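**Student:** give me a 3D structure for the following:
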Amino acid sequence: MRVYFGCICDIIIKTTTLSFLFWKKVLTLPKVNDDYLQGKRDEIINAAFEVCRRKPAYDVTMSDIVAETGMSQGGVYKYYNNICSVYAALIDRANLKGDQIKRINGIMASSDAPETKLLELFKVAEQFFTDMLISYNKILFELGTYFIQNPETGTIVNGQTKATPVFPYLAHSVSELIVTEAGTGYFKPVVPVEDILSFIISSFDGIIRDVTLNKCYEQTSEDVSVFDEKKMIRCLYLSTLTLLGR
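**Tutor:** Coordinates of the predicted model:
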């Protein structure tokens, strides 16, 4: 009986020792740093971006992205487990380009004259939109259209985004500036302020739509062959000033 218990104790001691050595080795393995993880995420989103440039963004599948990366399916799904998470990452990347939110906040906090602030805000729209045309605008346009027709998917994707959307933030800042300065009497609107704000927002939407169709899909009209977003936004600024009585 003593021999039996001795064997049992021996086994327990050896097992405990091996277990301790195993976990000691595991805990001392080098940790994967954040830069490596972010690099992998960027690699996958870069691949998704390239696929979206070749085909409609709403038709892109996870299989397309896996094939583009050259990684295993598990390697991709470790970071993005469905197409909605990829869409969200693409939208975030677009909205983070150029740190436009910081630029907008700087304009709003400045001591410049109201019409100068307004001009600078319109310049943000101009620059951001021009940058998007050569990169993400096709993707954002296609996803925006798709989300209108598939609101549940849009809700899921938007719920996963982290970056502040630039154009809604810009529109809010323009509205805040106009309402505030109309209240102080600096701006003297010739029509109700609400009508001016509706005009600005619908004009921005129209410029984005028409220029995207023209430059990304080569659609033209009988009267205009090439739409210039910078000239259109400049015209919108001058029209807005006129409506504000300046």
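**Student:** so how far is Asp34 from the closest residue to Ile65 other than its chain neighbours?
**Tutor:** Excluding its sequence neighbours, the residue lying closest to Ile65 (Cβ to Cβ, 6 or more residues apart in numbering) is Ala48, at 5.0 Å. (C-beta placed from N, C-alpha, C; glycine too.) Remark: distance between Ala48 and Asp34 (Cβ to Cβ, to the nearest Å) = 21 Å.
**Student:** what of Cys52?
**Tutor:** The gap separating Cys52 from Asp34 is 26 Å, by Cβ to Cβ.
**Student:** domains of the chain?
**Tutor:** Using automatic domain parsing, the domain ranges for the chain come out as 2-90, 98-243.
**Student:** deepest-packed of these, please.
**Tutor:** domain 98-243 (a mean of 15; mean count of other Cβ atoms under 10 Å).
**Student:** quick one: mean pLDDT for it?
**Tutor:** For domain 98-243, mean pLDDT rounds to 93.
**Student:** now stretch 47-65
**Tutor:** The predicted model gives stretch 47-65 an average pLDDT of 97.
**Student:** who touches it?
**Tutor:** Residues outside stretch 47-65 that contact it (Cβ atoms under 8 Å, 6 or more residues apart in numbering): 44, 68-69, 73, 76-77, 80, 82-83, 86-87, 89-90, 93, 136, 138-139, 142-143, 145-146.
**Student:** end-to-end on that stretch?
**Tutor:** By Cα to Cα, to the nearest Å, the extent of stretch 47-65 from end to end equals 6 Å.
**Student:** quick one: it to chain centroid distance?
**Tutor:** Centroid separation for stretch 47-65 versus its chain: 16 Å, with Cα atoms, centre = their mean, to the nearest Å.
**Student:** next one: stretch 143-155
**Tutor:** With Cα atoms, centre = their mean as the basis, stretch 143-155 stands 15 Å off its chain's centre.
**Student:** how about stretch 105-116?
**Tutor:** Offset of stretch 105-116 from its chain centre (Cα atoms, centre = their mean): 25 Å.
**Student:** span of it from start to end?
**Tutor:** Start and end residues of stretch 105-116 are separated by 14 Å (Cα to Cα).
**Student:** same check, this time on stretch 123-141
**Tutor:** 21 Å.
**Student:** can you list the residues that contact that stretch?
**Tutor:** Contacts to stretch 123-141, defined as Cβ under 8 Å, 6+ apart, come from residues 49, 52-53, 57, 90-91, 93-94, 97-98, 100, 103-104, 107, 166-167, 170, 204, 207-209, 211-212, 215-216, 229-230, 233-234.
**Student:** nearest spatial neighbour of Ile201, skipping sequence neighbours?
**Tutor:** Of all residues not flanking Ile201 in the chain, Ala171 sits nearest, at 5.7 Å (Cβ to Cβ, 6+ apart).
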